[in-house]
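Trainee: only geometry, no sequence info:
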């Protein structure tokens, strides 16, 4: 019953996550935690492959948009990841259209097919990141952040946490959450991943003026 109640709510509406993390040609199952930046508490993320980046993602009003209406506020590159020329062209276009980008410049394409386009590749890298080891650079309508923390980049972009809370020790007292939007309603699912009781204020990024608390164990 617990699983049915949770799944019933988490399958309706649209998923809400602020960060879209680009994995290159690796399948999502190959997500390596050591390549991810530290994700600040209160922000959720999804991952995308090169195929999704090239065929499903577009930019609208400074956001990444998918065909089903799901959108993200920032594109994030994993550390030490290759970015092909096709992907770099698309990333440059997204930033030019206003999508914020966080991540260090790629060291290489990783594709032998791009070896004949080294000058174009380097030109795009310079346009997005310049030659500095860290910084903030405007490109078109968007901004590229690197060499600072993701939390600092989010503050500079004025992207507030979707769920504002402090769960304590990041390992032993972690609070996980998911968010679904139904247009006129929001559903937040919180999971206390520890044996300790969580008791604190949680601020939700919603226009709702009232809230109901449901316990999925009992349905009330």
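Mentor: Yep, that arrived. As the structure is a prediction and not an experimental result, all values here were calculated from the model. Numbering: from 1, shown residues only.

Trainee: Which parts of the protein are helices?
Mentor: 2-10, 50-55, 85-96, 118-129, 150-156 (DSSP state H).

Trainee: Could I get the full set of strands for the protein?
Mentor: Applying DSSP state E to the chain gives strands spanning 14-15, 19-22, 45-48, 58-60, 63-65, 71-72, 74-77, 101-102, 135-139, 142-146, 163-164, 175-181, 186-192, 203-204.

Trainee: Please name the strands paired to the second one in the sheet, noting orientation.
Mentor: Each strand that pairs with strand 19-22, with its direction, by DSSP bridges: strand 45-48 (parallel), strand 74-77 (parallel).

Trainee: Kindly report the same for the last one.
Mentor: Each strand pairing with strand 203-204, determined using DSSP bridges, is listed with its direction: strand 163-164 (antiparallel).

Trainee: Need the winner for burial among the helices of the chain.
Mentor: helix 85-96 (a mean of 19; mean count of other CB atoms under 10 Å). Bear in mind the C-beta positions are built from the backbone N, C-alpha and C, glycine included.

Trainee: Now do that one: everything it contacts.
Mentor: 22, 24, 50, 53-54, 57, 59, 64, 75, 83, 101, 106, 109, 111, 114, 117, 120-121, 124-125, 127-128, 139-144 (CB atoms under 8 Å, 6 or more residues apart in numbering).

Trainee: tell me the angle it makes with strand 142-146.
Mentor: 120 degrees (axes from the mean of the first three to the mean of the last three CA atoms, to 10 degrees).

Trainee: Can you report how many residues neighbour residue 76?
Mentor: 22 (other CB atoms under 10 Å).

Trainee: in this protein, which ranges drop under the pLDDT threshold?
Mentor: Low-confidence segments of the chain, defined by pLDDT under 70: 26-32, 110-116, 169-172.

Trainee: Out of the helices of the chain, flag the one nearest residue 204.
Mentor: helix 2-10 (15.3 Å; CB to CB).

Trainee: quick check: angle from that closest one to strand 186-192?
Mentor: Using the same axes, to 10 degrees: helix 2-10 against strand 186-192 is 140 degrees.
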